[in-house]
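Enquirer: Need coordinates for the following:
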Amino acid sequence: MHSGFKRLNGILLSTVLISILTSAFMSVPVTAPTGSGYEMFGPRVDNILIRIFQGRDTEFGAFYSGDPATAIDIIDWPLDQGTYQKLRAEPDKFVTADLTSYDMYNLEMQCLKWPTSDVNVRRAIACLINKEKFFTTQLKSFSGVLLDTPIAPEWTTWFNDNTEKWVFNRTRAAEILTKAGYYDDDGDPQREYHNSTGRYELPPLKFYIRDDDPDRLAFGQSYLLPELLGVGLPVESHIAPKTTCWEAVMKYPYDYNLYTGGWGPWRDPDYLYDMYNSKFGIDWYNAKRDWCNNYVFFTNSTFDNWSNQLKFAATQELAEEPCMRCQEILMDQVPMVPGWHSAGALAYRKNYMGDETPYAGRPWTGMVNTVVISGMGVAGLNGLWSFVNAHTEGYERGGTIRYGFMNPADVYNPVHADFYWDWEVLNKIYDFLISSDPVDPAGIDIPWMAKGWSIGTWHPTPTTTATNITLSLYDNILWHDNVKFNAQDVNFTLYYHRAAYSPLFYPYVLDWDHCVIHDDYTVTVYYKVQSVWALHWLGGVPIIPKHIWEKIAPANSRTGGEFETTGKLTGSGPFRFVSKSPQSILLAANPTYFRKLIRPDYYTTGQPIPTQDGDVDADDFGMAVGHYGCKYIAGAWPHPVDQWADVNKDRQVELDDIMEIAVRFLKVKYYPYKSGYPNYYYYP
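Expert: Below you'll find the model as predicted:
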């Protein structure tokens, strides 16, 4: 141990530290390990560098080649079979892990625009998709699982195997069309429509096919388009990038007939209500709103009734029959034809791909293969947990993880972002009240911004019962501009997402009634309805800072949001936005994250190093002060205790480490420390 104290800018360091200990500094918390395959704290890397490629194959090529100019450590998309086999043949370079994601790729059919407004046309088209051939020849029986309904067959509690199965059958398709009055009467290759009022030429089906995803491109261009033409349906095909497709498909007047869509992943089956209940379709269309969930405009009163029962079931058992009935109606009326859900594998580079010392070439550790999603996370190796937990072996912190995107992010706005790559950026900047154990198939809910909650009921009227949820919030969360988070932000977030008609989150907040704020860190959220899913509605909404967004009118929030007007993104999550270009996006670790990596309980006088005694006290403080200025140089520390006195694991013992101890000094709310970490880095 060093003798004496070092001086800092001419002021005795010991005097400064004693002053810190006796002042009312706000504590700056963090998170720690659960012992079940992941840690509830981080991030460990200093940066995420997202590299943007033009398409899946370009990204996978860069991932495989390891060219330093385009090197990436982890990919964003399920592997095709060919790439998977190449990676598996080089286990010294690549790590793969199985993927199952309850998402859906499908053919979507606009139900307001003729001729797909006619259920007979939709049923005929459903017979023209050779999904079995697509599965074996395009997906190679590997990178997907075929769907008969929007619910994955592995989701056994919710999957209905007794719905209409739309098997590839050209003869049946032709018969359905002819019987419904669609037949050719003039010898040209196209059918005309006939009914009691006359004969009508068919308008071409406006078919938007995404060209950025090779599987969706093949699904539309190779497997369906020739069949449509072959059966005599005129087609106006648009093979286009995602943004071109979105402009036509997802904005008023929604001028399309067919689209190769993609949705999910999901955690609960109530998304059938969110996607296909008419209140999220025709109501938005009549109001001329863009970006509605039900942009196929499926309108069916029987479905609305059953989906209401699914959404507002008081128990999961009461939700089971409505879920079955919803699938039956959807597969009878076919507003969309389910195709497949993601499967196969994802991968990361075994060793660090950057050239930064001392991480270059060292193996990655801490990657988490997420099974159960939460917030706006995704399943697989590229789930949020990997970016929070990953680091190189031998170094608890530091370095940059390079993340490949096959497409750019487009909307940097937590209220209006609606798509995968947008949220692969934003879910690292904004945080959520509740998370879930990522590796437990049971999907256990775990505390995050909320350290606890209780679910109850109340009576909006004398004859109705509804859900309420009381949250106890952590009191040491800072927004990225160092303003403290509190219960007002929760109340404001729920109000704002509804007032702004947030495309993704409107179904989660539509039935919110009000909040009662008991104090800065306790709030009760009241819903107008009772639902077993309400906790996940609340936990699935990204919390936004009131002091930023209250200055932005909800009606202007898409074009006049924080990023759109200032270039900033103020969240409370593990990473901060730094910059973006057409080629890359840079995020930096949030130095004030309430779950950042620190281990302030490490020393007990007279005991072996380390000895954690369950609190942060004078032993921990004194040892850090005594070793102030020690650094990890040339692969070694000057003293054995230094690596423990380096509380924040940045390879030097400095004022930051002493501050981390000081703000927690003898604060019993973090007791007992476990393995040196505050107690809330674990959950029971």
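Enquirer: what are the ranges of the strands in the stretch 301-450 of the chain?
Expert: For the stretch 301-450 of the chain, the strands defined by DSSP state E, counting those that start in this stretch occupy 336-349, 364-365, 391-392, 400-405, 434-436, 445-447, 450-458.
Enquirer: Between strand 400-405 and the host helix or strand of residue 49, find me the angle.
Expert: In the assignment (DSSP states H and E), residue 49 maps to strand 47-52. Relative orientation of strand 47-52 versus strand 400-405 (axes from the mean of the first three to the mean of the last three CA atoms, to 10 degrees): 30 degrees.
Enquirer: what sits against residue 66?
Expert: If you count contacts by CB atoms under 8 Å, 6 or more residues apart in numbering, residue 66 has them with 93, 349, 353. Glycine gets a C-beta too; all of them are placed from N, C-alpha and C.
Enquirer: Apologies, that question was intended for residue 56.
Expert: Contacts of residue 56 by CB under 8 Å, 6+ apart are 77, 80, 212-214, 406.
Enquirer: Does residue 423 touch residue 376 like I think?
Expert: Yes: applying CB atoms under 8 Å as the test, residue 423 and residue 376 come out as touching, 4.4 Å apart.
Enquirer: Convert the C-alpha atoms of stretch 83-101 to PDB, please.
Expert: Extracted in PDB, the C-alpha atoms of stretch 83-101 (Å, rounded to 0.1, in the frame of the first residue of the first chain):
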ATOM      1  CA  THR A  83     -22.800 -19.100 -44.800                       C
ATOM      2  CA  TYR A  84     -23.600 -21.200 -41.700                       C
ATOM      3  CA  GLN A  85     -21.700 -24.200 -43.100                       C
ATOM      4  CA  LYS A  86     -18.700 -22.000 -44.000                       C
ATOM      5  CA  LEU A  87     -18.600 -20.600 -40.500                       C
ATOM      6  CA  ARG A  88     -19.000 -24.000 -38.800                       C
ATOM      7  CA  ALA A  89     -16.000 -25.300 -40.800                       C
ATOM      8  CA  GLU A  90     -13.800 -22.700 -39.100                       C
ATOM      9  CA  PRO A  91     -14.500 -22.900 -35.300                       C
ATOM     10  CA  ASP A  92     -11.300 -21.200 -34.500                       C
ATOM     11  CA  LYS A  93     -12.700 -18.000 -36.100                       C
ATOM     12  CA  PHE A  94     -16.500 -18.100 -35.600                       C
ATOM     13  CA  VAL A  95     -19.000 -19.000 -33.000                       C
ATOM     14  CA  THR A  96     -22.600 -19.900 -34.000                       C
ATOM     15  CA  ALA A  97     -25.700 -20.400 -31.800                       C
ATOM     16  CA  ASP A  98     -29.100 -21.700 -32.600                       C
ATOM     17  CA  LEU A  99     -31.900 -19.200 -33.100                       C
ATOM     18  CA  THR A 100     -35.700 -19.400 -32.700                       C
ATOM     19  CA  SER A 101     -37.500 -16.100 -33.000                       C
END
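Enquirer: In its sheet, which strands sit next to the strand holding residue 49, and in what direction?
Expert: Sheet pairing here is set by DSSP bridges, and for strand 47-52 it gives strand 400-405 (parallel), strand 584-589 (antiparallel).
Enquirer: Residues touching it, excluding its own?
Expert: Contacts for strand 47-52 (CB under 8 Å, 6+ apart): 62, 70, 72, 387, 399-405, 407-408, 424-425, 428, 575, 578, 582-589.
Enquirer: relative orientation of whichever helix or strand comes after it and strand 47-52 in degrees?
Expert: Remark: after strand 47-52, the chain's next helix or strand is helix 56-65, criterion DSSP H and E. Angle of helix 56-65 versus strand 47-52, following the same axes, to 10 degrees, is 130 degrees.
Enquirer: quick check: angle from helix 56-65 to strand 336-349?
Expert: Going by the same axes, to 10 degrees, helix 56-65 makes 20 degrees with strand 336-349.
Enquirer: After helix 56-65, which helix or strand is next?
Expert: Downstream of helix 56-65 (by DSSP H and E), the next one is helix 81-88.
Enquirer: Tell me how many other residues crowd residue 363.
Expert: 12 (other CB atoms under 10 Å).
Enquirer: I meant residue 37, not that one.
Expert: The burial count for residue 37: 16, using other CB under 10 Å.
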